[in-house]
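Trainee: One predicted model, sequence on top.
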Amino acid sequence: MMRKITFRSLLCLAVLLLSLLGLQTHATAQSQIVITKEFDYIEQGTVGIIKVVGTDLAGGVAVIFDRQYPFFPTSQGLACLISVDMSQRIKEYPIKVTLYQVDGNAINWEDTVKVNAGGFIAEPSFILPSNKLNLLNPVVQENEDLRLHSVYGLVTPQRFWDGPVIYPLNGRIGSPYGSVRTYNDGQSRRHTGVDLSAGMGTPVAAVANGRVVFARDLDIHGNVVVIDHGWGVYSSYSHMSAFYVVPGQMVLQGDIVGLSGTTGRSTGPHLHWEIAVNGIWLDPIRFARVKLPN
Ligand SMILES: [Zn+2]
């Protein structure tokens, strides 16, 4: 006997299919909202994107790892970049998302996010020359971290760039992101960016469009330029022998911001490239593969 297909059973089937696809739907009086995790898990030092498709959305926030991650407008709705620290414990975390509609209605959504290992390595000891040993002072390190994080922590809602980020120069990876490095005095420290090999004076390009927010000489990073790309995404370029940009200046992807060098806590010419998202240092190489929603 053929079973009559009712509207209700079709609706159940649609919801079941969407659940199987990892999608969550919220039917509201005004519109249909679809929330998608664009990942199965997020590795330490990388970013996972949560996409919202729908209309009449004013904004939103995701809360995970005791941090808040804002949603930004896209052509289809909203998107949020969940950046995961290299030291985040490997386990499954609850995530709470609150979306706001233009009429003031709030939509709550809860799920979990699994954090997987970033696969970081330990490097051979770094031997700094005697004239740079003061750069191993933890107070110098702490002050510089605080200073850069006061820059990286600000979120510009406008997105200046589109498309994937490029490498700032052509060089092999001399030292990967997240590695554990030990210096002369036995102190160990995690690598907050990636080192690209480059001879003295190699031009360094902006990896994406953005606004220069920092350009000066720091003890450890040496001559460093920081670019704000919007949506809480920053790139920085360290140990340069010279820089050609000033804070406030808009740059386009590929514009030369300076020349590689060995200023600061460096043992030879190279480029230390960092990417920070929502105040967290990520692996620039893996970030360059991220496809952002339009
Ligand atoms: Zn480095």
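Mentor: Arrived safely, thanks for sending.
Trainee: list the contacts for the residue of the stretch 51-200 of the chain found nearest the ion?
Mentor: Nearest to the ion, among the residues of the stretch 51-200 of the chain, is Asp195, at 4.2 Å (CB to the ion). C-betas here are computed from N, CA, C, even on glycine. For Asp195, the contacting residues are 173-175, 270-273, by CB atoms under 8 Å, 6 or more residues apart in numbering.
Trainee: host element of whichever residue of the stretch 151-294 of the chain sits closest to the ion?
Mentor: Proximity of the stretch 151-294 of the chain to the ion (CB to the ion) peaks at His272, 3.4 Å away. In this structure, His272 sits in strand 270-277 according to DSSP states H and E.
Trainee: I'd like to know which elements that strand is packed against.
Mentor: Strand 270-277 is packed against strand 77-83, strand 194-197, strand 233-240, strand 280-282, helix 284-287, with contacts defined by 3 or more CB pairs under 8 Å, 6 or more residues apart in numbering; DSSP states H and E.
Trainee: Buried deepest among the ones you listed, which one?
Mentor: Each of the helices and strands packed on strand 270-277 was assessed for mean neighbour count using mean count of other CB atoms under 10 Å. The highest is strand 233-240, with a mean of 27.
Trainee: Tell me the helix or strand right after it.
Mentor: Towards the C-terminus, the helix or strand next in line after strand 233-240, according to DSSP H and E, is strand 242-243.
Trainee: Contacts for that following strand next, please.
Mentor: By CB under 8 Å, 6+ apart, the list of residues contacting strand 242-243 from outside reads 215, 223-225, 237, 257-259, 261.
Trainee: I'd like the list of the residues you listed that fall within strands, please.
Mentor: Using DSSP state E to define strands, the subset of the contacts of strand 242-243 located there is 215, 223-225, 237, 257-259.
Trainee: Tell me what the residue of the stretch 51-200 of the chain closest to the ion is bridged to.
Mentor: Beta-bridge partners of Asp195, counted by DSSP bridges, are Ser175, His272.
Trainee: now Ala122
Mentor: The residues paired with Ala122 through beta bridges, assigned by DSSP bridges, are Val180.
Trainee: That one and Trp161, how far apart?
Mentor: When distance is defined by CB to CB, to the nearest Å, Ala122 is 34 Å away from Trp161.
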